[in-house]
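Peer 1: Sequence plus predicted model, see below.
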Amino acid sequence: MFPMKAGARRDALRVLPFLIGVLVCVFSSQSTGQESRAPAKKNLQFSAPSTQTEHGGTVRLTPTTLSEWLVYQEDQYLDLLEEQGGVTPAEPRGGGQKIYNKVAPCVVAVRTWAGHGTGFLIDREGLILTNYHVIHTGTFVDAEVPASYAWVHMGRMQESGRMERVSEVPALVLAVDPARDLALLKLQRVPEGLNRLPRVELARHGPKPGQECSIVGHPSSGMLWTYRDGLVSALGQSPHDIVNFLLPRLGAEGAEREQVEAMFDSLQTFDIVLSSCLANPGDSGGPLVDRRGRLIGVTFAIPGNPSEQKFTYHIALSEIRAFLDEAAQTPILLIPDAWQIGPMLRIVQRNVLIGGGPGWQQILFDVDTDTPLELLEQRDFNGLVGARGFDAEVALHGYRNRRLAFYDTDNNGEMNVVLVDHDEDDAADFRYRLEAQGRWHLDADINSKWLDPDLCGPLAQPLRDLLIQLEITE
Ligand SMILES: [Ca+2]
Ligand SMILES: [Ca+2]
Ligand SMILES: [Ca+2]
Ligand SMILES: [Ca+2]
């Protein structure tokens, strides 16, 4: 029996305040921006060798670009030393201050309606790199473009060394790569309070184990722009080189070995960096940098077992470069996914599967009850959902005041209509619709209920019966 009582009905499709609370309570309104400290305008002009400056040839240098040019020269010198096997001068303990000053202003908080993560600017035009999993549920919709967007919170460095938050700006989604867990966003404007956008530069090559490294992000329970340092612990491929996967594989024999090898062959691999920097949820999408503040990875995961959380996984530079090379630069619409149902799965009756996470809930309805019983009896519900083995025609998702209803209106195994009600008035505010050519279309200002059994044609009555049984009102 479905455990929702009449009074609890709405709560089941609503969610609790989430990590966003961390973002809004710690900002100072005091303002002593970096820009105000710039020396009086005094342009310098000199000739720089074109091989040694990214601007090339003769450049007009302001104090800001001069200091950048000097850093660039230092980088060139250190690169040369490293390439020739020389030992570069070690930073004294506390050298992280320099890294923090350089990197923190490039780091942003990425906020969706489902939570927050970290991201960072990679060019002065406002391109932001983050994780796919930070934005894949919970983006907002700009119906005019149409495109999905997230809110981006930037900051600037105060003289005290503390980061001060400036105004938030929407950033449209340009490209996503679920396999590499990367996403590219673009700021819609330079936030008020900033003259120019900073950026994290990509290192020329990936790091080596034992090398010093640092992260800056927005960890839950920490503070905004929290710095941590550590060492690069290992390089390899996920999941093939992860010990929990690798050793059972090496130990398997006979038929079991074949099974394990087949499983490994089916998994997608990508290059990762393991570091001893301690990340928390909320750090996802933040930069891993070398001791000169250049990008060597993107934070994306920590060990699942809390007692093993002594290091952090980062996406390697090679994957970041490949993603950026492939990424298109036009805004896209992310289509909500009925199958992102979360790890906490349980079946409440033969044709109703419930999942969710902190503060949100999702219900899958197999309205015509045709999921094979033997699949259900295996009780591997995560596997069942992963393989789309649960034959659902309708799914409902609730988070705070947002509710989504997914429909497979022609019962062909693919959800093709998604209705979104984002203000809890039971009227849908957006409709995503899959057209015959396989393209998704967004309709705004529609006049329809968010929960509409009639969309299911011959299955309308069985769905109504299920909703009544579970005490969910249309
Ligand atoms: Ca079905
Ligand atoms: Ca369909
Ligand atoms: Ca079906
Ligand atoms: Ca509404």
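Peer 2: All right, it came through fine. Ligands and ions are numbered 1, 2, ... in the order given.
Peer 1: State the distance from Trp225 to ligand 2.
Peer 2: Spatial separation of Trp225 from ligand 2 under the definition CB to the ion, to the nearest Å is 45 Å. Glycine gets a C-beta too; all of them are placed from N, C-alpha and C.
Peer 1: and that residue, how far is that from ligand 1?
Peer 2: With the distance defined as CB to the ion, Trp225 ends up 48 Å from ligand 1.
Peer 1: Name the nearest residue to that residue, ignoring sequence neighbours.
Peer 2: Nearest in space to Trp225, with sequence neighbours left out and distances taken as CB to CB, 6 or more residues apart in numbering, is Met163 at 4.1 Å.
Peer 1: wait, doesn't that neighbour sit right on Met157?
Peer 2: Yes: using CB atoms under 8 Å as the test, Met163 is close enough to Met157 to be in contact (6.1 Å).
Peer 1: out of the two, which sits in the more crowded spot?
Peer 2: Neighbours per residue, other CB atoms under 10 Å: of Met163 and Met157, the larger number sits with Met163, 23 against 19.
Peer 1: residue contacts, the more buried one?
Peer 2: When the contact criterion is CB atoms under 8 Å, 6 or more residues apart in numbering, the partners of Met163 are 104-105, 155-157, 224-225.
Peer 1: Show me which of those is closest to Arg291.
Peer 2: Relative to Arg291, the closest of those is Ala104; by CB to CB it sits at 15.1 Å.
Peer 1: where's Leu174, which helix or strand?
Peer 2: Leu174 is part of strand 163-177 when elements are defined by DSSP states H and E.
Peer 1: Counting neighbours, show which residues of that strand come out buried.
Peer 2: Residues of strand 163-177 classed as buried by neighbour count (16 or more other CB atoms under 10 Å): 163-166, 168-177.
Peer 1: Which residue does the stretch 251-400 of the chain have closest to ligand 2?
Peer 2: Taking CB to the ion, ligand 2 has its nearest neighbour within the stretch 251-400 of the chain at Glu393, 8.5 Å off.
Peer 1: That residue reaches Asp410, doesn't it?
Peer 2: No: under the criterion of CB under 8 Å, Glu393 is not in contact with Asp410, lying 9.6 Å apart.
Peer 1: quick one, which of those two is more surrounded?
Peer 2: When Glu393 and Asp410 are compared on other CB under 10 Å, the one with more neighbours turns out to be Glu393, at 26 against 13.
Peer 1: quick one, what contacts the more buried one?
Peer 2: Going by CB under 8 Å, 6+ apart, Glu393 touches 365-368, 407-408, 411, 456, 459, 463.
Peer 1: how about a cut-off of 7 Å?
Peer 2: If you count contacts by CB atoms under 7 Å, 6 or more residues apart in numbering, Glu393 has them with 365-368, 408, 411, 456, 459.
Peer 1: With Ile122 instead?
Peer 2: Contacts were defined as CB under 7 Å, 6+ apart; by that measure Ile122 touches 129, 199-200.
Peer 1: Please indicate which of these has the highest neighbour count?
Peer 2: Neighbours here mean other CB under 10 Å. Within the contacts of Ile122, the largest count is held by Leu129, at 26 neighbours.
Peer 1: Adjacent strands (with direction) for the strand or helix carrying that residue?
Peer 2: With elements delineated by DSSP H and E, Leu129 resides in strand 127-130, which encompasses its position. In the sheet containing strand 127-130, its partner strands are strand 115-121 (antiparallel), strand 182-187 (antiparallel), by DSSP bridges.
Peer 1: burial count for Lys186?
Peer 2: Neighbour count for Lys186, taken as other CB under 10 Å: 21.
Peer 1: Would you mind confirming that it makes contact with Leu174?
Peer 2: Yes: using CB atoms under 7 Å, Lys186 and Leu174 qualify as a contacting pair, with a distance of 5.4 Å.
Peer 1: Tell me how far the residue nearest to Trp225 lies from Asp391.
Peer 2: 50 Å (CB to CB, to the nearest Å).
Peer 1: do the same with Ala436
Peer 2: If you measure Ala436 against Asp391 using CB to CB, the figure is 23 Å.
Peer 1: Who has more neighbours out of the two?
Peer 2: Neighbours were counted for Ala436 and for Asp391 using other CB under 10 Å; Asp391 has more, 19 against 5.
Peer 1: May I have the residues that are in contact with that one?
Peer 2: Counting by CB under 7 Å, 6+ apart, Asp391 touches 366, 370-371.
Peer 1: Show me how to select, in PyMOL, the buried members of those.
Peer 2: A single PyMOL command selects the buried members of these (16+ other CB under 10 Å):
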select buried, resi 366+371
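Peer 1: can you list the contacts of Asp391 in CSV and add pLDDT?
Peer 2: As requested, the contacts of Asp391 are exported to CSV (pLDDT from 0 to 100):
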residue, pLDDT
Asp366, 97
Asp370, 96
Thr371, 96
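Peer 1: Show me how far the strand holding Leu174 is from its chain's centre.
Peer 2: 12 Å (CA atoms, centre = their mean, to the nearest Å).
Peer 1: what lines up beside that strand in the sheet?
Peer 2: Using DSSP bridges, strand 163-177 pairs in its sheet with strand 147-157 (antiparallel), strand 182-187 (antiparallel).
Peer 1: Identify all contacting residues around the first one.
Peer 2: With CB under 7 Å, 6+ apart as the contact definition, strand 147-157 has outside contacts at 23, 33-34, 101, 104-105, 108-112, 119, 128, 135, 139-142, 163-166, 168-173, 185, 187, 191, 193-194, 225, 331-334.
Peer 1: Go again with 6 Å.
Peer 2: Residues outside strand 147-157 that contact it (CB atoms under 6 Å, 6 or more residues apart in numbering) are 33-34, 105, 108-112, 135, 139-140, 142, 163-166, 168-173, 191, 331, 333-334.
Peer 1: now do stretch 309-322
Peer 2: Under the criterion CB under 6 Å, 6+ apart, external residues in contact with stretch 309-322 comprise 180, 206, 233, 270-277, 279, 288, 296-303.
Peer 1: One more: stretch 282-300?
Peer 2: The list of residues contacting stretch 282-300 from outside it, by CB under 6 Å, 6+ apart, reads 19, 91, 99, 102-103, 117-120, 130-131, 134, 181, 200-203, 207, 212-215, 217-220, 273, 279, 312-317.
Peer 1: again, but for stretch 226-240
Peer 2: The contact list for stretch 226-240 (CB under 6 Å, 6+ apart) reads 96, 100, 207, 209-211, 213-216, 219, 245, 269-278, 311.
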